[in-house]
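*Asks:* Here is a sequence together with a model predicted from it:
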Amino acid sequence: MNTHKALITALLVPLGATLAVAPAASAAASPAPPAPATASASPEEALGRVAHPLRTTEPLGGLADLRPFGRMVGDARVVGLGEATHSSHEFFTVKHRVFRYLVEEKGFRAFALEAPWSTGLRLDAYLLRGEGDLKQIMDEEFQGTYRWWNNAEYRDLLQWMRAYNVKHPKDPVRFVGDDGGFAGAGLYDEVSAYAAAARPELTPQLTELYRGLRPATDAETYVNDYLSKPIAERKELAQRTGRAVDLLKQRPGTGAGSDAHAWAVQHATAIHQMTTLFAFDLDDPQGITDAMLHRDRIMAENVAWWQRRTGEKIALAAHNGHAALRTYAPETYPKVQGDFLREQLGGGYLSVGLTFDRGSFNAFGRDGGAHRFTVGPAASGTVEHTLDRVRYRDFVVDLRNAPAAARAWLAAPRTLRNIGATYPGIVDAPQIRLAESHDVVIHLQQVEAARMLK
């Protein structure tokens, strides 16, 4: 990559992470005797009284142990599933398992990921109709900082989703890419096809407005080349794509249904989201902060748009720092995806943070290369140190119903791990108030690095 690599890494996956799994057979240990219900109980003892053990972190097998989690979900329409790293096996497999439960028991029908909108459309076509080769799609779409999604764990999830759709063709599960770091050629083709059919008079204008924008190279090369353009040119391109959205919004067009119009506008909006993201001055700290605010806003808007348009309930996979109800790092990330979703959906959005005590993960190192890193047990006084002293190895706990003995601990600012695409990163150990950040926490004792496919 070119000299913009550090900026791209910081920009596209700033807070995300994936955790590695411990062997399934050892995922749940025998619980210790329950702590006595006294006013002097420690936070870990108090949380242990309301925590529910996980049978395994692997996706297959019975799901009865997730029934308490189902009660925590309630009537939520979007469940944000976080991660403390962007590339750990167990974080991905727990999400697979939870999504499987949500589909089979709670009526969820969509999985959203920190990936471009155009990537989501390609994967959705594969899931619905078997279009394309999954390996090729993942290799082509999960490039640059999105490379962390090109792993065996997400491949297994996508294969499960495809198999589910073959069995349930009239009630399928869908895939949503909610991010704005790339706009694939398919988006331009969809917008052009809509205009040709419904509003042919717009075709010449759209062709001119999109001139030079439709990708003709792989995603990583395209983004690097785009960011090498002078900022004045990038701002002008954003203005052009904004005018394209305005043109399409004017009216549906003759013979076009409202649904086709809505999708065309959304595809054009996704193009504009990318050009706007890259029109910020990424050499200026304030420009990066503004870009982060834009990114979290559009990720929330895309998820909310899909939910409103389709009526489908969505499992949202994101880093803890995006899925949270409050930002982990207000100086760099003023407002995050989960905060925007709570604002738009109210109690219809549930934030689930995933934490771990020790283990390994993949990330970019300071040299720009991909590496496997390992961290030991969490230090005393941190969030993970206390959670790891709860009586179960791996568990889920509803922070909203925490006993009185745990509430003060949950309300106080405490350090936790927040490992993104680059390690060491810019916000590896923020102080947060856990009760204000997440509704529910899934804690895993140990994780291992995800199994990268490329």
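*Replies:* On my side now, so go ahead.
*Asks:* wait, what's in contact with the most centrally placed residue in the chain?
*Replies:* Centroid-nearest residue in the chain, with C-alpha atoms, centre = their mean: residue 318, separated by 2.2 Å. By C-beta atoms under 8 Å, 6 or more residues apart in numbering, residue 318 lies in contact with 16, 80, 81, 82, 83, 113, 114, 299, 337, 338. Heads up, the C-betas are built off the backbone N, CA and C, glycines and all.
*Asks:* tell me the contacts of the residue nearest to residue 142 when sequence neighbours are not counted?
*Replies:* Spatial nearest neighbour of residue 142, excluding adjacent residues (C-beta to C-beta, 6 or more residues apart in numbering): residue 150 at 3.8 Å. For residue 150, the contacting residues are 138, 139, 142, 452, 453, 454, by C-beta under 8 Å, 6+ apart.
*Asks:* per-residue confidence for the third one?
*Replies:* Looking back up the chat, that one is residue 142. At residue 142, the predicted lDDT confidence score is 97.
*Asks:* Look up phi and psi at it.
*Replies:* Main-chain torsions, residue 142, degrees, to the nearest 10: phi -90, psi 80.
*Asks:* burial measure for it, as a count.
*Replies:* Close neighbours of residue 142, defined as other C-beta atoms under 10 Å, add up to 22.
*Asks:* That one touches residue 149, doesn't it?
*Replies:* Yes: if you go by C-beta atoms under 8 Å, residue 142 and residue 149 touch, sitting 4.5 Å apart.
*Asks:* what residues do these two have in common as contacts?
*Replies:* In contact with both residue 142 and residue 149: residue 115, using C-beta under 8 Å, 6+ apart.
*Asks:* so where's the longest helix in the chain?
*Replies:* When the chain is parsed with DSSP state H, its longest helix is helix 285-310.
*Asks:* List the buried residues of that one.
*Replies:* Neighbour-count burial for helix 285-310, counted by 16 or more other C-beta atoms under 10 Å, picks out 288-307.
*Asks:* Residue 322: neighbour count?
*Replies:* For residue 322, the neighbour count with other C-beta under 10 Å is 32.
*Asks:* which ones are touching it?
*Replies:* By C-beta under 8 Å, 6+ apart, the residues touching residue 322 are 15, 16, 80, 82, 114, 296, 299, 336, 337, 338.
*Asks:* Among the contacts of residue 150, the buried ones, what's the PyMOL command?
*Replies:* A single PyMOL command selects the buried members of those (16+ other C-beta under 10 Å):
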select buried, resi 138+142+452+453
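*Asks:* Looking at the contacts of residue 150, which are in helices?
*Replies:* Within the contacts of residue 150, membership in helices is found for 138, 139, as judged by DSSP H.
*Asks:* and the gap between the nearest residue to residue 373 once chain neighbours are set aside and residue 93?
*Replies:* In space, and not counting its chain neighbours, residue 373 is closest to residue 423: 5.4 Å by C-beta to C-beta, 6+ apart. For residue 423, the distance to residue 93 equals 21 Å [C-beta to C-beta, to the nearest Å].
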